[in-house]
Structures are given as structure tokens and as C-alpha cells.
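A.B. asks: only the shape, not the letters, is given here:
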């Protein structure tokens, strides 16, 4: 039994690393792309038992769902998968991920947009209680056209990943997410 949980844990870490290497900090990544990369990183863990040259997509899906239930990723088979701030931290702890210049530039662009958002200006002038749901949503790139709860969750996680490391922005955005909870409900229009 203990070896089964160790294998599940190793698979989960591997899909997190695969997501990170595929840019899952800033955008959703398709399950099949995760499968290819995870198999490159740890072939024996994701191959069929009898025909080891084939990737077992079900093992990859299970590892992703396991990671999602533990709060490391958000997404779905249909929409793709993205690392949460918890997932990014877990990958950073493995010290084996590399970020592409494109991913870093996208995170910097998002961080700058948040920094200059109306929500942050209002927070700095009048405090958390003065920020409206509309301002908070705009800081996350959300609007009335983004109604799908899964997509909203992904967009919010992308913003939280972008502000990670900037203590003030991280505190503001985490507080707004906690206050409004719009990433879960798809409300606030």
C-alpha cells in the first residue's frame, strides 16, 4: 500500500513538473501535451504495463485529477490544466523547473496590469472594503463575458501566479479572492 501512495505521489510531482515546463504557470495545457512531457520525464510511471512503449493516458489523467484534488492544479480534460500558486511552489521546491522567457514575460505583463489596476489603486487609497467586485474582477482579467467557472478559476490562478513574490500584490489579490470568491462562483457581473 505504501508503495502505491509513493507511486501516486511521484506521478503527481511529475505532472506538475511537466505542466511547469510547458508553461502551465500562465496558460492551460492540454492533457495530451502533459502526457508526452510527463512520459519524457518519467517514462516507466506513465506507460502501459504490458506494452511499455505506449503512454497510458489514464495514468496521466489520474495524476492530474489527484493534483487538482490536492489544490496543485486547476482545469479539466476539456479545458486543459494550469498550476495554482500551491502547484508553482511545489515545483519550485523540486528545483528542477525552467521557465521560458515567454512565460516570464507573460507573468511580468500580468503583474504590471494588476499593479496599475483600478482595484489596487482603490485599495491603496481607501483599503480593502472600498474595492468593488467589478474592480477585483477586472484586475483578474474577468468580465461579464467570462461566465464559465472553470475558466474564471484558471484566470484567477494565472493572476495569483503572476503576483507571487511581490508580497504587497500577493496580499491584495489573495484578499480580494477571499473576499469575493468570484473564481469559484462565476459571479460578480
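C.D. replies: It's in. Remember, predicted model here, so these are calculated numbers, not experimental data. Numbering: from 1, shown residues only.
A.B. asks: quick one: low-confidence parts of this protein?
C.D. replies: Within the chain, the segments meeting pLDDT under 70 span 1-7, 93-104, 145-148, 150-151, 182-189.
A.B. asks: domain parsing for it?
C.D. replies: 2-94, 101-185 (automatic domain parsing).
A.B. asks: return the distance of the shortest one from the chain's centre.
C.D. replies: Distance of domain 101-185 from the chain centroid (Cα atoms, centre = their mean, to the nearest Å) equals 14 Å.
A.B. asks: mind listing the helices for this protein?
C.D. replies: Applying DSSP state H to the chain gives helices spanning 2-21, 31-41, 57-69, 85-94, 101-115, 118-126, 133-139, 149-163, 167-180, 182-185.
A.B. asks: which strands and helices sit next to the fifth one?
C.D. replies: Right, helix 101-115. helix 149-163, helix 167-180 (3 or more Cβ pairs under 8 Å, 6 or more residues apart in numbering; DSSP states H and E). Bear in mind the C-beta positions are built from the backbone N, C-alpha and C, glycine included.
A.B. asks: and the longest one, by the same measure?
C.D. replies: When contacts are defined as 3+ Cβ pairs under 8 Å, 6+ apart, helix 2-21 sits against helix 31-41, helix 57-69, strand 73-76, strand 80-83, helix 85-94.
A.B. asks: redo that, cut-off 6 Å
C.D. replies: For helix 2-21, the packing partners by 3 or more Cβ pairs under 6 Å, 6 or more residues apart in numbering; DSSP states H and E come out as helix 31-41, helix 57-69, helix 85-94.
A.B. asks: now the helices of the chain in JSON lines, with distance to residue 77?
C.D. replies: Converted to JSON lines, the helices of the chain look like this (distance: least, Cβ to Cβ, whole Å):
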{"stretch": "helix 2-21", "distance to residue 77": "13"}
{"stretch": "helix 31-41", "distance to residue 77": "5"}
{"stretch": "helix 57-69", "distance to residue 77": "6"}
{"stretch": "helix 85-94", "distance to residue 77": "17"}
{"stretch": "helix 101-115", "distance to residue 77": "23"}
{"stretch": "helix 118-126", "distance to residue 77": "32"}
{"stretch": "helix 133-139", "distance to residue 77": "26"}
{"stretch": "helix 149-163", "distance to residue 77": "11"}
{"stretch": "helix 167-180", "distance to residue 77": "25"}
{"stretch": "helix 182-185", "distance to residue 77": "20"}
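A.B. asks: which one of these lies nearest to residue 48?
C.D. replies: helix 57-69 (8.9 Å; Cβ to Cβ).
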